[in-house]
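[1] pasted the sequence and its predicted model underneath.
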Amino acid sequence: MLTLTRDEMFSHILRCGVIDALPEHQKDWFDDTMLYLADRYEDLTKEELDQLRVLGERFSRPVQRNPEAATGAA
């Protein structure tokens with residue numbers, strides 16, 4: 001069930017524009033979304049919900065490219 005919940009959360013992140021939101025708006029969005037997911041998936045433990053939040057927050061961060069890796073320099 002954790003995989004299903006994770007996929008649903010990732011889908012919501014993409015649809016709701018969370019990636020482009022300001023950090024304080026992302027926090028509010030995650031606070032509300034985690035409450036929603038806890039109600040929707042009552043069998044999830046607090047630890048599983050915490051893991052989902054960490055995954056979602058990581059997924060929402062912009063990609064940071066290493067300039068050396070992009071140019072192929074060693």
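    Nice, I can see it.
[2] which one is Glu8 nearest to, not counting chain neighbours?
    Leu37 (7.6 Å; CB to CB, 6 or more residues apart in numbering). (Glycine included, C-beta is placed from N, CA and C.)
[3] how about the one helix or strand the one you found maps to: buried residues?
    Per DSSP states H and E, Leu37 falls inside helix 23-40. Neighbour-count burial for helix 23-40, counted by 16 or more other CB atoms under 10 Å, picks out 26, 29-30, 33-34, 37.
[4] so what does the helix or strand just after it touch, helix or strand wise?
    As assigned by DSSP H and E, the chain's next helix or strand after helix 23-40 is helix 46-60. With contacts defined as 3 or more CB pairs under 8 Å, 6 or more residues apart in numbering; DSSP states H and E, the packing partners of helix 46-60 are helix 2-16, helix 23-40.
[5] got the contact list for helix 46-60?
    Contacts to helix 46-60, defined as CB atoms under 8 Å, 6 or more residues apart in numbering, come from residues 2, 5-6, 9-10, 13, 18-19, 21, 26, 30, 33-34, 37-38, 44.
[6] any idea how far the closest residue to Met9 other than its chain neighbours is from Glu68?
    Nearest non-adjacent residue to Met9, counting by CB to CB, 6+ apart: Gly56, 5.2 Å away. From Gly56 across to Glu68, the span is 29 Å (CB to CB, to the nearest Å).
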